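> Can you look at this prediction? I've put the sequence above it.
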Amino acid sequence: MKVLWFTNIPMPDVNKYFGHNAMGSGGWMGALLEELKEKKELQLGVATACSQFPNTSFKKDGVEYFVVKQQSQKFRRSVFSADNNLLYLKKCVEIVNEFKPDIVHIHGTERFYGQMLTKGMIECPVVFSVQGIMDSCSEWYRWFGKMSFKEILLSSFFDSLKGNGLLWELREARNQAKRERNYFTKGNYFFGRTDWDKAYVKYFNSEAKYFDVSRIIRKPFWGKKWNLSDCKRHRIIFTNTRHPRKGTELLLEAVKRLKPLFPDIELVLIGSLGGGSYGRRLKNKINSLDGSVKSLGQMNAEQISHELCKSHVFVSASYIENSPNSIAEAQLVGMPVVSSYTGGIPSMIKEGETGLFFPIGDVPLLEDRIKQVFENDFLALSLGETAYKESRDRHNSEKIVENLINGYKTIKID
């Protein structure tokens, strides 16, 4: 069976082909691809459209790779996004016609690839893997979190004059959401992993076929085990900070309020804070906390797993998520997790068993949940151990690959 993937970012072999480091996000796709390379019944192709590499095709380890060169990132503004250029869509159609797949598998609904289906440009079946859902992520109250309109304007004014920043990004995200709704309406097949994304698919298209396929988590997180006696007490860790909807400011506020109770409290942030107005806003708030917050920047999987095991609790304060890998990674090493109750996360966490919830944007309850973990060792150990066991079943690679291939087979003969 021939399957052609379309991905939002280049796969590791593409980065290596051009002498670049492997991707910093989307690691689940690379992990899944490595598993599928061993399946003799599959002949795989992987295509991506990006700005950093030229038009290219090559073969490695039995996989055919295709790269569509897009405009430079600095020109990809919401007014004339490269994803709106019909030229790139036609090049993707040419790749389909050249590869002649039995199935086209599009990872994510954020980009333009799905228009090959909705515009009737290809005839083979198309299946979408639902990642985030732009229709929900781009809602104003989730996009900006608790930022007031005045704060949004003040922090984004100069970026907006240059054609970028949060307001321009929101405009592009709303355009993506409109395109995405068309995918949901006209698509026949979807891979998902939470009650939330299944509900979204069925809301727009009750006739669509939905397949439950979880994500494979990278190997370093399988080889570590959190231990309360080895971690640094009162150390909080979060691994995705770069956007207001991720809720980092809520976490900073909670740390500020907890500091009188726990003078040695430390918040560790992994990932880029961003170089724009929002990044500067975060840095100012971090500096005001007098050394209680450390921003460690981008890290690889091995480094992240090490930092998780050094921490007391993982916290996700996002306003909207589907099933974030960051939570899965924390659960795989067996540490306690506190999370906002949003999107698909309730499919990952059972309240009081594998984690603790708080309502989105609710700093008092977020503060209380962190305090519970700090003060109750039995609770922390119980949450971590139960999550450790359940996550290892949820992210079992053999089961995931079997579900995926069974989905491909069903789609092919449908």
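Happy to help now that I have it.

> going forward, measure contacts between C-alpha atoms and count neighbours the same way
Fine.

> my guess is Arg245 contacts Ser318, does it?
Yes. Counting by C-alpha atoms under 8 Å, Arg245 does reach Ser318; the two are 5.7 Å apart.

> what about the strands in the chain?
2-7, 43-50, 56-60, 63-69, 103-107, 126-129, 189-192, 209-212, 235-238, 266-270, 293-297, 313-316, 337-341, 356-359 (DSSP state E).

> Would you point to the one among the ones you listed that's packed deepest?
Burial of those is given as mean neighbour count (mean count of other C-alpha atoms under 10 Å); strand 313-316 ranks first at a mean of 27.

> Which strands or helices does that strand pack on?
strand 235-238, helix 325-332, strand 337-341 (3 or more C-alpha pairs under 8 Å, 6 or more residues apart in numbering; DSSP states H and E).

> Show me what the longest helix anywhere in the chain is in contact with.
Across the chain, the longest stretch assigned as helix under DSSP state H is helix 166-186. Where contact means C-alpha atoms under 8 Å, 6 or more residues apart in numbering, the residues beyond helix 166-186 that reach it are 77-79, 81, 109-112, 114-115, 118, 133-135, 138, 143, 156, 160, 201, 204-205, 278.

> mind redoing it with 6 Å?
78, 109-110, 134-135, 138, 204-205 (C-alpha atoms under 6 Å, 6 or more residues apart in numbering).

> Low-confidence ranges, the stretch 101-250 of the chain, go.
Counting by pLDDT under 70, the ranges of the stretch 101-250 of the chain that qualify are 157-163.

> again, only this time at 90
Applying pLDDT under 90 to the stretch 101-250 of the chain picks out residues 146-169, 171-172, 239-242.

> The stretch 301-414 of the chain too?
Using pLDDT under 90, the flagged stretches of the stretch 301-414 of the chain are 414.

> Going along the chain, name the helices of it.
Ranges of helices in the stretch 301-414 of the chain, per DSSP state H, counting those that start in this stretch, are 301-309, 325-332, 363-375, 377-394, 397-413.

> from those, which stretch is densest packed?
helix 325-332 (a mean of 24).

> Quick one: work out the angle between that helix and strand 337-341.
140 degrees (axes from the mean of the first three to the mean of the last three C-alpha atoms, to 10 degrees).

> which other helices and strands contact helix 325-332?
Where contact means 3 or more C-alpha pairs under 6 Å, 6 or more residues apart in numbering; DSSP states H and E, helix 325-332 is packed against helix 377-394.

> one more time with 10 Å
strand 235-238, helix 301-309, strand 313-316, strand 337-341, helix 377-394 (3 or more C-alpha pairs under 10 Å, 6 or more residues apart in numbering; DSSP states H and E).

> out of these, which comes closest to Thr194?
helix 377-394 (11.3 Å; C-alpha to C-alpha).

> For the closest one, name the packing helices and strands.
So helix 377-394, by 3+ C-alpha pairs under 10 Å, 6+ apart, packs with helix 325-332, strand 337-341, helix 363-375, helix 397-413.

> In contact with the residue most central in space within the chain: list those residues for me.
In the chain, the centroid-proximal residue (C-alpha atoms, centre = their mean) is Pro324; its distance is 5.5 Å. Applying C-alpha atoms under 10 Å, 6 or more residues apart in numbering to Pro324 gives the contacts 131-132, 215, 240, 316, 318, 344-345, 348.

> State the pair within these that is farthest apart.
Within the contacts of Pro324, Arg215 and Ser318 form the most distant pair, 19.7 Å apart (C-alpha to C-alpha).

> More neighbours: these two, which one.
Set Arg215 next to Ser318 and count neighbours by other C-alpha atoms under 10 Å: Ser318 wins out with 27 against 22.

> Name the nearest residue to that one, sequence neighbours excluded.
Lys246 (4.0 Å; C-alpha to C-alpha, 6 or more residues apart in numbering).

> That neighbour: neighbouring residues, count only.
23.

> so what's Ser382 up against?
334-336, 352-355, 388.

> how much space between it and Glu64?
46 Å (C-alpha to C-alpha, to the nearest Å).

> and if you look at Leu32?
Leu32 is 16 Å from Glu64, by C-alpha to C-alpha.

> same thing with Leu366?
For Leu366 relative to Glu64 (C-alpha to C-alpha), the value is 47 Å.

> per the record, what domains does the protein have?
Residue ranges for each domain of the chain read 2-216+396-413, 219-394, as given by automatic domain parsing.

> so how far is the shortest one from its chain's centroid?
To tie it back to what came earlier, the one meant is domain 219-394. When distances are taken as C-alpha atoms, centre = their mean, to the nearest Å, domain 219-394 is centred 15 Å away from the chain's centroid.

> Please apply the same query to stretch 132-148.
15 Å.

> Check the separation of the first and last residues in it.
25 Å.

> just stretch 294-303 next, same as before
15 Å.

> and what of stretch 5-18?
First-to-last distance for stretch 5-18 - C-alpha to C-alpha - comes to 20 Å.

> which parts of that stretch are buried?
Residues 5-15 are the ones in stretch 5-18 that count as buried (16 or more other C-alpha atoms under 10 Å).

> Can I get those in CSV including distance to Glu302?
CSV is the format used below for the buried residues of stretch 5-18 (distance: C-alpha to C-alpha, whole Å):
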residue, distance to Glu302
Trp5, 27
Phe6, 27
Thr7, 24
Asn8, 24
Ile9, 21
Pro10, 21
Met11, 18
Pro12, 16
Asp13, 19
Val14, 21
Asn15, 19
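
> Can you tell me which of those residues end up in helices?
Using DSSP H, these in helices are 12-15.

> mind checking pLDDT for the nearest residue to Lys294 once chain neighbours are set aside?
Closest residue to Lys294 apart from its sequence neighbours, by C-alpha to C-alpha, 6+ apart: Val268 at 4.9 Å. For Val268, the pLDDT comes out at 97.

> what pairs with Val268 across the strands?
Val268 has the following beta-bridge partners by DSSP bridges: Ile237, Lys294.

> Surely it is in contact with Ile236?
Yes. Val268 is within contact range of Ile236, at 6.1 Å (criterion: C-alpha atoms under 10 Å).

> before we move on, the earlier item: give me phi/psi at the residue nearest to the centre of the chain?
The phi and psi values for Pro324, taken as degrees, to the nearest 10, are phi -60, psi 130.

> Quick check: the gap between Gly187 and Gln176.
The gap separating Gly187 from Gln176 is 16 Å, by C-alpha to C-alpha.
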